[in-house]
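**Student:** How does the following fold in three dimensions:
(chains A and B)
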Amino acid sequence: MQLSELEIIRREKLNQLRERGINPYPADLYPVNNTSKKIKENFEEGKKVVVAGRLMSRRIQGPASFAELQDADGRIQVYFNRDEICTGEDKSHYNDVYKKLLDIGDFIGIIGELFKTQVGEKTIMVKNFTLLSKALKPLPQPRVDAEGKVHDAFTDPEQRYRQRYADLVVNPHVKEIFVKRTKLFNAMRTFFNEHGYFEVETPVLQPIPGGAAARPFITHHNSLDIPLYMRIANELYLKRLIVGGFDGVYEFSKNFRNEGMDRTHNPEFTAMEIYVSYKDYNWMMDFCEQLLEFCAIQVNGTSKATFGEHQIDFKAPYPRVTMAESIKHFTGFDITGKTEDEIRKAAMDMKIPVDETMGKGKLIDEIFGEKCEGNYIQPTFITDYPKEMSPLCKEHRDNPELTERFELMVCGKEIANAYSELNDPIDQRERFEAQLKLADRGDDEATAFIDYDFLRALEYGMPPTSGMGIGMDRLIMFLTNNPSIQEVLFFPQMRPEKKKVEMTEDEKTVYTLLKANAPIALEELKTQSGLSNKKWDKAIKGLTASKVAKVEKTDEVLMVAVL
RNA sequence: GACCUGGUAGCUCAGUUGGUAGAGCACCUCCCUUUUAAGGAGGUGGUCCUGGGUUCGAGCCCCAGCCAGGUCACCA
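**Tutor:** Take a look at the predicted model:
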């Protein structure tokens, strides 16, 4: 491993600490009885406190020094004074251990007394300190000046995402996003639980990946010897539980989709799905707007939120617009009662790219997506979607071409999707079969599996039910003003870092020869290398194992190639 | 998948027409007992993303690749 100068210095300090009998990684608990936040809130001159955290900055002035200690709640200033810490003749605990052997990033425990400095800053006078854990890698050190401007911020997104632990240590605003994320989940749980709904867990590994149209991740179960799929949705399992007699069930579901990644898509993401019996989608709209107003207030203390240039307000109620009204409003074209051809022509007149394979539903969706969707900045329910696009949704009670479905749009993006759930088992079977036919014809958006067990469940009878899914990542993006999903996931998916191949001396010798002569017969390479049998064997195996060279059998001889 | 931008010290970034690799902070040594972007003096630190090419000479120009971000397309 190649170490930088700074890392070497810290390792040397580690050794010096051990030579002094100081364990840099002690096992015993440290009796913390305060935090930076509590100290600042309940400040009492002279009060004794025990705190622990990371040393984050230091200003040394000879025998005195100010430093900042960072714990889970924030930072507090601490004051190290040589003669307070070293009451006897031996001043080495201050002069050597504190001044020379501690570094920014080290965890220390402090026993001290509270006081205010001459400029009025609440500070801990250190009476004794203990090294709790030594940091061997230097942290980035952003600093804030008198005007509140941040200098040397740790900003490179690649490093921040790959080393989120460092990002969280030095960027308090990043930590705040994740605090809000958890507040959002807690708020939803509270809201649902207070309504008497029941949190459940359903399978992540599914024999049939149902409930949505998306490419799944496939894995294999060894002892059953069957393929299993990471769930793309949990919808069909929650409905089985409604069949089973629960009134209302919900689950925060980590879903997995084997598709592209961009600013708003991560291969794994979190959806919340809730199903409530004896309700319809009109009830669910009321419920949804109450829920989101409550969540926004729990997270931000207000129903208002800023997203980019937009001010949005989650205060209920939200406007409800049918898809037909929306299209009429933004394009002047009324889709009601129109044939597929009429709608296709209208779409072409609007310069929307269409083709012959698109059915009526798809055409309407294209028009809406192109001309309407982006206009809804404030939370707005779009209702009554065409039937073709919603194989799990009940037909509209007043119009057989539509479904009882709504999506909630915020800043032109969908954050919730809900139905009066289809509970007619015969209708459901026919819609699955229609999907299967589409899939057989090569439509990769259609679902290629029929979940017969789910149909069996419906045949036992599912009460009228309304269900809703909310994209949790997207919602927290809106509530924290982040345009990228990576900022609201602790560990967004990244391409793996490439490991530098490190070779032994023998491997290097062989590799140099190989590079100059490849492809070359194995025996010849061995002779040229001049290595003993054992050394040769180890070197060539090392090179093939680390995938820099490859041995291939051609006719009679073994050939070695460079990769 | 296409295009645009970027990759230089631990961090943030300069780098002239192609001519010995730079700054601030951090770090090391020394001074400094209520500071706060502490201060003062001196110093260390580099696979310029990787591999080729052009050239007397490449951080810079050319080609190929890797990684990231963005825009678009695709996809919910």
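**Student:** I'd say residue A:240 and residue A:455 touch.
**Tutor:** No - if you go by Cβ atoms under 8 Å, residue A:240 and residue A:455 don't touch, sitting 10.9 Å apart. Bear in mind the C-beta positions are built from the backbone N, C-alpha and C, glycine included.
**Student:** These two: which is more packed in?
**Tutor:** residue A:240 (21 against 15; other Cβ atoms under 10 Å).
**Student:** Indicate whether the one helix or strand residue A:159 maps to makes contact with RNA strand B.
**Tutor:** In this assignment (DSSP states H and E), residue A:159 forms part of helix A:157-162. Yes - using Cβ under 7 Å from any atom of the strand, helix A:157-162 comes into contact with RNA strand B via A:157, A:158, A:159, A:161.
**Student:** Between those residues, identify the one with the most neighbours.
**Tutor:** The most crowded member of the residues of helix A:157-162 next to RNA strand B, judged by other Cβ under 10 Å, is residue A:161 (18 neighbours).
**Student:** Do a quick rundown of the helices in the stretch 301-450 of chain A.
**Tutor:** Here the stretch 301-450 of chain A has its helices, by DSSP state H, counting those that start in this stretch, at A:323-331, A:340-349, A:360-367, A:425-440.
**Student:** go on, the stretch 151-300 of chain A?
**Tutor:** Assigned by DSSP H, counting those that start in this stretch, the helices in the stretch 151-300 of chain A fall at A:157-162, A:164-170, A:172-194, A:235-243, A:281-300.
**Student:** Out of those, which one sits most buried?
**Tutor:** Most buried of the helices of the stretch 151-300 of chain A by mean neighbour count (mean count of other Cβ atoms under 10 Å) is helix A:235-243; its value is a mean of 22.
**Student:** Using CSV, write down the CA coordinates of it.
**Tutor:** Extracted C-alpha coordinates of helix A:235-243, given in CSV (Å, rounded to 0.1, in the frame of the first residue of the first chain):
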residue,chain,number,x,y,z
GLU,A,235,-47.8,-4.6,-4.4
LEU,A,236,-49.0,-8.2,-5.0
TYR,A,237,-47.9,-9.4,-1.6
LEU,A,238,-49.6,-6.5,0.2
LYS,A,239,-52.8,-7.3,-1.6
ARG,A,240,-52.5,-10.9,-0.5
LEU,A,241,-52.5,-9.6,3.1
ILE,A,242,-55.7,-7.6,2.4
VAL,A,243,-57.2,-10.9,1.2
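**Student:** about what we covered before: figure out how far the helix holding residue A:159 is from the centre of its chain.
**Tutor:** Averaging C-alpha positions (Cα atoms, centre = their mean, to the nearest Å) puts helix A:157-162 13 Å from its chain's average.
**Student:** just to revisit the earlier point, deepest-packed of the helices of the stretch 301-450 of chain A, please.
**Tutor:** By mean neighbour count, with neighbours taken as mean count of other Cβ under 10 Å, helix A:360-367 ranks first of these at a mean of 21.
**Student:** and the angle from it to helix A:323-331?
**Tutor:** 40 degrees (axes from the mean of the first three to the mean of the last three Cα atoms, to 10 degrees).
**Student:** pLDDT averaged over helix A:360-367, what's the number?
**Tutor:** Averaged across helix A:360-367, the pLDDT comes to 85.
**Student:** Report all helices and strands that that helix contacts.
**Tutor:** Here helix A:360-367 touches helix A:323-331, helix A:340-349, going by 3 or more Cβ pairs under 8 Å, 6 or more residues apart in numbering; DSSP states H and E.
**Student:** Is it possible to get CSV of these that adds mean pLDDT?
**Tutor:** Putting those into CSV (pLDDT from 0 to 100) gives the following:
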stretch, mean pLDDT
helix A:323-331, 92
helix A:340-349, 87
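**Student:** which one of the ones you listed lies closest to RNA strand B?
**Tutor:** Closest of the helices and strands packed on helix A:360-367 to RNA strand B is helix A:323-331, at 11.8 Å (criterion: Cβ to the nearest atom of the strand).
**Student:** Against which helices or strands is that closest one packed?
**Tutor:** helix A:360-367, strand A:380-383.
**Student:** Give me the angle between it and helix A:340-349.
**Tutor:** Compare the direction of helix A:323-331 with that of helix A:340-349 by the same axes, to 10 degrees and you get 30 degrees.
**Student:** Is helix A:323-331 in proximity to RNA strand B?
**Tutor:** No - judged by Cβ under 7 Å from any atom of the strand, helix A:323-331 stays clear of RNA strand B, getting no closer than 11.8 Å.
**Student:** Which residues does that helix contact?
**Tutor:** Helix A:323-331 is contacted from outside by A:321, A:333-336, A:346, A:350, A:364, A:367-368, A:371-372, A:375, A:382-386, using Cβ atoms under 8 Å, 6 or more residues apart in numbering.
**Student:** Of those, which count as buried by neighbour count?
**Tutor:** In terms of neighbour count (16 or more other Cβ atoms under 10 Å), the buried residues within the contacts of helix A:323-331 are A:321, A:333, A:335, A:346, A:350, A:364, A:367-368, A:371-372, A:382-386.
**Student:** remind me which residues of chain A are low pLDDT?
**Tutor:** A:1, A:441-446, A:498-520, A:530-557, A:561-563 (pLDDT under 70).
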